[in-house]
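Undergrad: got a sequence here, can you model it:
(one chain, ligands or ions: 1)
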Amino acid sequence: MTDSFDVVIVGAGLGGIQMLHQVRQVGLTVRVFEAGSGAGGTWHWNRYPGARCDVESLEYSYQFSEELQQDWEWTRRYSSQPEILRYIDHVVERFDLDRDIRYHTRVEALTYDERAGRWTVRTEAGDEVVARFVIMATGCLSSANVPDIAGRETFAGEIHHTARWPKQPVDLSGKRVGVVGTGSSGVQAIPVIAQQAEELYVFQRTAAYTLPARDQPLDPELRAAVKADYAGFRARNSAMPTAGLSRYPTNPSSIFLVSAAEREAALEYFWGLGGPLVLRSFGDIMSDPRANELVSDFVRGKIRQIVRDPEVADLLSPKQPIGCKRVCIGTDYYETFNRPGVHLVDVASAPIEEITPDGIRTAAGSHALDVIVFATGFDAMTGALLGIDIRGRDSLSLKEMWSAGPRTYLGLGVPGFPNLFTMTGPGSPSVLTNMLVAIHQHATWIADCLQYLVDHDISVIEATHEAEDAWGMHVDEVAGKTLFPSCDSWYLGANIPGKKRVFMPLVGFPAYAKTCAEVAEGGYRGFALTRP
Ligand code: N01
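TA: Residues are numbered from 1 along each chain as shown. Below is the predicted model:
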């Protein structure tokens, strides 16, 4: 007999495990399927050297349990991957979550049976369960992008992707290592790999802005002060446009209202705070290209000061507006290019042509390597969802539905796909904010919604086409007021050959979503409801 649940959750990352806890509190039966061998999602897979969260630990943590946030002691301003994984293991054990999670189980297909009002969930092993509701907690940055470079299979050495790093340590000492990609993952891995490898070749196609993290042991006084009013701290962060960093200043005024000396002093101050805070130094950086250029130029000046070889400094200096691609937060990134044995290879002017048994050949020459590391990112926001064959009403496939780009209502629901929720889906703030706050908002929204449906004897909830259209226009309109769409980025899907170019996340956070009851039964019908 096929097992049946009220709710199936796909994915046991940070989103899936909070969702599981909250679904249980509604009193529904639930099963979680997870492809990996353990919980943790991003933090389970991204074990590359130097992996560390670039959101501060006091903020990159759960807020659904006051006892949990009081008990757990973060050790640094930014947590390392092993520390976050220990935290996740603690949460799984503390809330007894493992008993409802099936690991090593990849979901392959979801099919909606309209007559029965049930989803059939099929796993790669061919097993099936049925569920009334399905919650996709598959993550925004979980489908690794491995570039299709000719000759990959001929390489005689090891190839690793940062987002599929082995559990066993990879020994890079005395080796010639090539890292392809200089986004956030590459920027974190490169300084650590440079300390181990004999020779390091960094294959850079687009230089990214790397701002200093200024990581340090967490100040016990700060930790105590936050814990004394954690609820207030969370509320103040949730009121920020990026859902975080409320304890630091923000200057809303224009860069053009101050003298050159005052501008320089302000930029130095925010640069000194570390993390992405330099983007807070003036109010028009992300909306006025001339303001943005002044700040971009300030960072390029820092690169020239740090990197001794002027040609290398010039190559490391980004040309696109700062913040348009996600800024990278690093430690000793630019300094690493002063080390002997570290070579920057410009693959914008001379692209990679082939991987050979001995290494990588570009249009300008060959580089002999023992290990290749792809730090080439993800098929963001839609990759993991469309990797599953999801079929809603009338066998409509989500892939067809999104052939012109993803469209949702609130990033949570798609018309034609009843009782299916997309946690932190396209059209929600997600990747432009602290993911843990975005997860909290969606998990709470979905759990409240399930409670409401149960209490009011509602069997089906489905986003309306009108709401989806209006929401899509809203997402475009908000992004259009910023510089985000002005360069090629994974926010737009521009990093994946053939992917439709659509700006996927919603810019801004505060109070973006009304409750399920408001949008289902209020004046504006974003979701349609069916009673049996
Ligand atoms: O991926 P990316 P990422 N040949 O897409 C290059 C989060 N994150 O894994 O820009 C040569 O940013 C590509 O070049 P280009 C964070 O949100 C967070 O680094 O396409 N190069 C680029 O340089 C982040 O933004 C944390 O020209 C190729 C790089 O690979 C997001 O994940 C840590 C290529 C990919 O950069 C993604 O970051 C890590 C090719 N064929 C990640 N294909 C923290 O919290 C791609 N590239 C710390």
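
Undergrad: roughly how far does residue 342 sit from the ligand?
TA: Applying CB to the nearest ligand atom, to the nearest Å, the value for residue 342 to the ligand is 17 Å. Bear in mind the C-beta positions are built from the backbone N, C-alpha and C, glycine included.

Undergrad: which ones are touching that residue?
TA: Residues near residue 342 by CB atoms under 8 Å, 6 or more residues apart in numbering: 194, 200, 202, 336.

Undergrad: among these, name the ones in strands.
TA: 200, 202 (DSSP state E).

Undergrad: could you dump the contacts of residue 342 into a markdown table and include neighbour count?
TA: Formatted as a markdown table, those follow (neighbours: other CB atoms under 10 Å):
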| residue | neighbour count |
| --- | --- |
| 194 | 25 |
| 200 | 27 |
| 202 | 28 |
| 336 | 22 |
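
Undergrad: between the contacts of residue 342, which is closest to residue 462?
TA: residue 202 (48.2 Å; CB to CB).

Undergrad: just confirm the closest one contacts residue 182, I think it does.
TA: Yes. Counting by CB atoms under 8 Å, residue 182 is a contact partner of residue 202 at 6.6 Å.

Undergrad: overlap of the contact sets of these two?
TA: Residues within reach of residue 202 and of residue 182 at once, by CB under 8 Å, 6+ apart, are residue 190.

Undergrad: coming back round to it: for the contacts of residue 342, which one is nearest residue 315?
TA: Of the contacts of residue 342, the one sitting nearest to residue 315 (CB to CB) turns out to be residue 202, at 10.0 Å.

Undergrad: what sits against the closest one?
TA: 178, 179, 182, 186, 190, 337, 342, 343, 344, 345.

Undergrad: just list whatever residues bridge to it.
TA: When bridges are called by DSSP bridges, residue 202 pairs up with residue 179, residue 344.

Undergrad: the lengthiest helix in the chain: which residues count as buried?
TA: When the chain is scanned for its longest helix (criterion: DSSP state H), the result is helix 435-455. Across helix 435-455, burial judged by 16 or more other CB atoms under 10 Å covers 435-447, 449-453.

Undergrad: list buried residues within the contacts of residue 202.
TA: Buried members of those, scored by 16+ other CB under 10 Å, are 178, 179, 182, 186, 190, 337, 342, 344, 345.

Undergrad: so what's the second one up against?
TA: Which is residue 179. Counting by CB under 8 Å, 6+ apart, residue 179 has contacts 186, 189, 190, 193, 200, 201, 202, 203, 373, 375.

Undergrad: try it again at 7 Å.
TA: Shown in contact with residue 179 (CB atoms under 7 Å, 6 or more residues apart in numbering): 186, 189, 190, 193, 200, 202, 203, 373, 375.

Undergrad: equivalent analysis for the fifth one, please.
TA: Taking CB under 7 Å, 6+ apart as the criterion, residue 190 is in contact with 179, 202, 333, 336.

Undergrad: of the residues you listed, which is the nearest to residue 173?
TA: The shortest approach to residue 173 among the contacts of residue 190 belongs to residue 179, at 15.8 Å (CB to CB).

Undergrad: gap between that closest one and the ligand?
TA: For residue 179, the distance to the ligand (CB to the nearest ligand atom) stands at 9 Å.

Undergrad: that residue and residue 203, how far apart?
TA: 7 Å (CB to CB, to the nearest Å).

Undergrad: do residue 297 as well
TA: Distance, residue 297 to residue 203, using CB to CB: 26 Å.

Undergrad: try residue 473
TA: 39 Å.

Undergrad: among the contacts of residue 202, which two are most distant?
TA: Most distant of these, by CB to CB, are 178 and 337, 15.1 Å apart.

Undergrad: quick one: name the residues of the stretch 351-500 of the chain near the ligand.
TA: Contact residues (CB under 6 Å from any ligand atom) of the stretch 351-500 of the chain with the ligand: 352, 375, 376, 377, 378, 431, 490, 495.

Undergrad: do the same with the chain
TA: Within the chain, the positions adjacent to the ligand are 52-54, 141, 147, 180-186, 188, 203, 205-206, 326, 347, 352, 375-378, 431, 490, 495 by CB under 6 Å from any ligand atom.

Undergrad: inside helices: which ones of those?
TA: Those of these lying in helices (DSSP H): 184, 185, 186, 188.

Undergrad: ok, and the closest non-adjacent residue to the third one?
TA: Of all residues not flanking residue 186 in the chain, residue 375 sits nearest, at 3.5 Å (CB to CB, 6 or more residues apart in numbering).

Undergrad: same check on the last one?
TA: The shortest distance from residue 188 to any non-neighbouring residue, by CB to CB, 6+ apart, is to residue 50 (4.1 Å).

Undergrad: so who does that neighbour touch?
TA: For residue 50, the contact set (CB under 7 Å, 6+ apart) comprises 188, 189, 191, 192.

Undergrad: out of those residues, which comes closest to the ligand?
TA: Among these, residue 188 lies closest to the ligand (CB to the nearest ligand atom), at 5.7 Å.

Undergrad: ok, the closest one - how many residues close by?
TA: Neighbour count of residue 188, defined by other CB atoms under 10 Å: 27.

Undergrad: what is the mean pLDDT for stretch 82-96?
TA: Per-residue pLDDT over stretch 82-96 has a mean of 98.

Undergrad: what two of the contacts of residue 190 are the furthest from one another?
TA: Largest separation among those by CB to CB: 179 and 333, giving 11.9 Å.

Undergrad: TSV for the contacts of residue 202, including pLDDT?
TA: Below are the contacts of residue 202 laid out as TSV (pLDDT from 0 to 100):
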residue	pLDDT
178	98
179	98
182	98
186	98
190	98
337	98
342	98
343	98
344	98
345	98
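
Undergrad: from the ligand, how far off is residue 76?
TA: Look at residue 76 and the ligand: by CB to the nearest ligand atom, they are 13 Å apart.

Undergrad: ok, the residue in the stretch 101-250 of the chain positioned nearest to the ligand - contacts?
TA: The ligand sits closest to residue 183 of the stretch 101-250 of the chain, with a gap of 2.2 Å, by CB to the nearest ligand atom. Residue 183 sits next to 208, 328, 375, 377 when contact means CB under 7 Å, 6+ apart.
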